[in-house]
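**Q** Have a look at this fold, sequence not included:
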Ligand code: FAD
């Protein structure tokens, strides 16, 4: 049953017609609980408020299915605007981007040029850019583009997913790279990914511990309090410097836990998605946690 529900929402997230239509609807079904706003000016207030509570942020200007160069160029311009606003408002904030939104499916070298332009602006302002990891069909390309960009820029990193079998083997090649560790949000074949929650969780813990004992900065991105609790014990036991890692969660999820971790003195970063292209992101969140449907039903029938 759980797998059927997950497949249903992942299917919706990949539906181009619905994604396109939803841009015109405005936020529906309770999406505003997980998507912070439609434009950078309104989102800046949210970032200010979280910064005031000692929480850093990473901004994701949402977008799916970019197939025209013009759309990718618009996305790049929006990212430059975000970087300028972060700098001008002195926000404690960095940027998360998806390579497909910057043209990866159109032409890899065009996407690389867009990324280089963004990294040059970000470097000038001292801002880090993280490349989100998308589905497995983009995995190798994402790693290759990252390694190429790192020849010229240090302010770039990416994401590894503990549901992939190959992540353990890929860690060595990424040992100097700032990484975000997640479980993985897409529907992948059993040929490449664990489907068993226990195996995904065990792999997450094993990768997190290897990274915490290594030299590069790691963002531990999960809402799973069992994992967080075990890693907090691990950090204490091994006297790991708290400035070598942070916890990350998505905007709108487990706010109490987000504030508690920041108050306990851990570096904490909230991932804030915004923009009109909210549908695919929101459906992936429902796929992960069908309990979020309660919020949708409440919104649909009681408001
Ligand atoms: P889950 O396995 O969903 O939950 C584990 C347990 O935690 C649950 O059983 C429950 O006990 C508890 N729990 C979880 N959520 C809640 C809640 N809301 N309220 C109460 N209890 C809860 N995926 C990608 O593929 N690529 C990316 O680039 C990417 N970036 C991400 C960035 C961030 C900051 C985060 C947090 C996630 C990102 N993801 C990304 C999504 C990720 O891969 C997972 O799909 C998502 O985080 C769900 O897994 P989880 O680790 O939070 O825990």
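**A** It's in. This structure is a prediction, so every number in the text was calculated from the model and none was measured. Residues are numbered from 1 along each chain as shown.

**Q** ok, residue 168 - contacts?
**A** Residue 168 sits next to 203, 206-207 when contact means C-beta atoms under 8 Å, 6 or more residues apart in numbering. Heads up, the C-betas are built off the backbone N, CA and C, glycines and all.

**Q** So which bits of the stretch 201-303 of the chain are right by the ligand?
**A** Near the ligand, the residues belonging to the stretch 201-303 of the chain are 221-224, 248-250, 253-254, 271, 288-289 when assessed by C-beta under 6 Å from any ligand atom.

**Q** Mind telling me the two of these farthest from one another?
**A** The largest separation in these, counting by C-beta to C-beta, is between 248 and 289 at 16.4 Å.

**Q** residue ranges with poor pLDDT in the stretch 1-150 of the chain?
**A** By pLDDT under 70, the low-scoring segments of the stretch 1-150 of the chain are 1-4, 19, 22, 24-30.

**Q** Do a quick rundown of the helices in it.
**A** For the stretch 1-150 of the chain, helices defined by DSSP state H, counting those that start in this stretch occupy the ranges 2-13, 16-25, 40-52, 69-88, 108-125, 139-150.

**Q** any chance of those helices in TSV, with distance to the ligand too?
**A** Compiled in TSV, the helices of the stretch 1-150 of the chain are given as follows (distance: least, C-beta to the nearest ligand atom, whole Å):
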stretch	distance to the ligand
helix 2-13	10
helix 16-25	17
helix 40-52	13
helix 69-88	16
helix 108-125	16
helix 139-150	10
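
**Q** Tabulate these (TSV), appending mean neighbour count.
**A** TSV is the format used below for the helices of the stretch 1-150 of the chain (neighbours: other C-beta atoms under 10 Å):
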stretch	mean neighbour count
helix 2-13	14
helix 16-25	13
helix 40-52	17
helix 69-88	17
helix 108-125	17
helix 139-150	17
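
**Q** Relative to residue 186, which of those is closest?
**A** Among the helices of the stretch 1-150 of the chain, helix 2-13 comes nearest to residue 186, with 7.2 Å by C-beta to C-beta.

**Q** distance between the closest one and the chain's centre?
**A** Relative to the mean C-alpha coordinate of its chain, helix 2-13 is positioned 20 Å out (C-alpha atoms, centre = their mean, to the nearest Å).

**Q** List the contacts of it.
**A** For helix 2-13, contacts defined as C-beta under 8 Å, 6+ apart pick out 18-19, 186-187, 279-281, 283-284, 286-288, 290.

**Q** Good, wrapping up.
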